[in-house]
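Novice: Sequence and predicted structure, then a few things I'm wondering about:
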Amino acid sequence: MKYAKSHEWARLEEDGSVTIGITDHAQEALGDVVFVETPTEGDAIAAGDQAGVVESVKAASDIYAPVGGEVIGVNEGLEDEPERVNSDPYNDGWFFRLQPADTGELDVLMTAEEYAAMCDEDS
């Protein structure tokens, strides 16, 4: 997995697609997630573009695409169970999948160690 400064994660899948969600650190900071707005399948998104919104009992936060590409899937389960983001942010709580325009964009994202160090600095 790779991580963005805006607290999204990106995982390159075996089929070449990229799955995106928010990190455990981000969901902890947000608190209980009550609503998730994802992009629409077929949307073209550039790296850094707003791709949705996550709302919690505390606040609403924009979700940004850590890499660009075409949206090929969204986690429809979040519509009825947004709390999946809290209980399992890296598996059941994923937000959307992209067919990346350039997998090289993953190379500019942070490793797990770099992301953890950034979070430690912020706290």
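Specialist: That came through, no problem.

Novice: quick one, helices of this protein?
Specialist: 24-30, 77-80, 84-87, 112-122 (DSSP state H).

Novice: which other helices and strands contact the longest one?
Specialist: Helices and strands in packing contact with helix 112-122 are listed as strand 2-3; criterion 3 or more CB pairs under 8 Å, 6 or more residues apart in numbering; DSSP states H and E. In short, each C-beta sits where N, CA and C put it, glycine included.

Novice: was I right about residue 103 contacting residue 16?
Specialist: Yes: using CB atoms under 8 Å as the test, residue 103 is close enough to residue 16 to be in contact (7.4 Å).

Novice: Next, name the residue at the spatial heart of this protein.
Specialist: With distances taken as CA atoms, centre = their mean, the residue of the chain nearest its centroid is residue 21 (2.4 Å).

Novice: tell me the contacts of that residue?
Specialist: Residue 21 makes contacts with 8, 9, 85, 89, 90, 93, 94, 95, as judged by CB atoms under 8 Å, 6 or more residues apart in numbering.

Novice: hmm, 7 Å instead?
Specialist: Counting by CB atoms under 7 Å, 6 or more residues apart in numbering, residue 21 touches 8, 9, 89, 90, 93, 94, 95.
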